[in-house]
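Visitor: Structure, please.
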Amino acid sequence: MLALARALGLANATFWRHYHDIAAELRSHDAGAWQSVPALGQSQCPGQAGELASQNSALRRERDHLASQLEAALSHLRRLTIDNAELRSELETARVITRIVRPDAFSHG
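Guide: Next up, the predicted model:
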């Protein structure tokens, strides 16, 4: 199992944490069969390593794109929250609404 995790460029604990089902299934097989797994740089099929690198790059670009979209959405949400508070305050002022604060609202006990 350790050889497989290393071949994938992962720490053994990381492999178990993220791929527990796969690790458990592989552990049930003969451990000796996995000692011959080559590292990614020593792959017997050079095209496969290039394809994996290409897929990895595409996934990184997509992750970065999604992260930027998430940050933009959070910024819009913050702005909408501020706008909502301001509009509510203006509405209360326009309608001459007075907030009544209960005296027990200030007690901490």
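Visitor: CA atoms for contacts and neighbours, from now on please.
Guide: Will do.
Visitor: And what about Ala24, helix, strand or coil?
Guide: helix (DSSP: H, G, I helix; E, B strand; the rest coil).
Visitor: How confident was the prediction at it?
Guide: On pLDDT, Ala24 comes in at 76.
Visitor: now the one 5 residues further on
Guide: The score at His29 is 65. That number is its pLDDT.
Visitor: Also Ala13?
Guide: 83.
Visitor: Let me see the domain layout of this structure.
Guide: The domain map for the chain lists 1-37, 45-97, with the assignment taken from automatic domain parsing.
Visitor: Buried deepest among those, which one?
Guide: Greatest average neighbour count among the domains of the chain goes to domain 1-37 (a mean of 14), per mean count of other CA atoms under 10 Å.
Visitor: Serialize the domains of the chain to a markdown table and add fields for distance to Asp104.
Guide: Output for the domains of the chain, formatted as a markdown table (distance: least, CA to CA, whole Å):
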| stretch | distance to Asp104 |
| --- | --- |
| domain 1-37 | 49 |
| domain 45-97 | 21 |
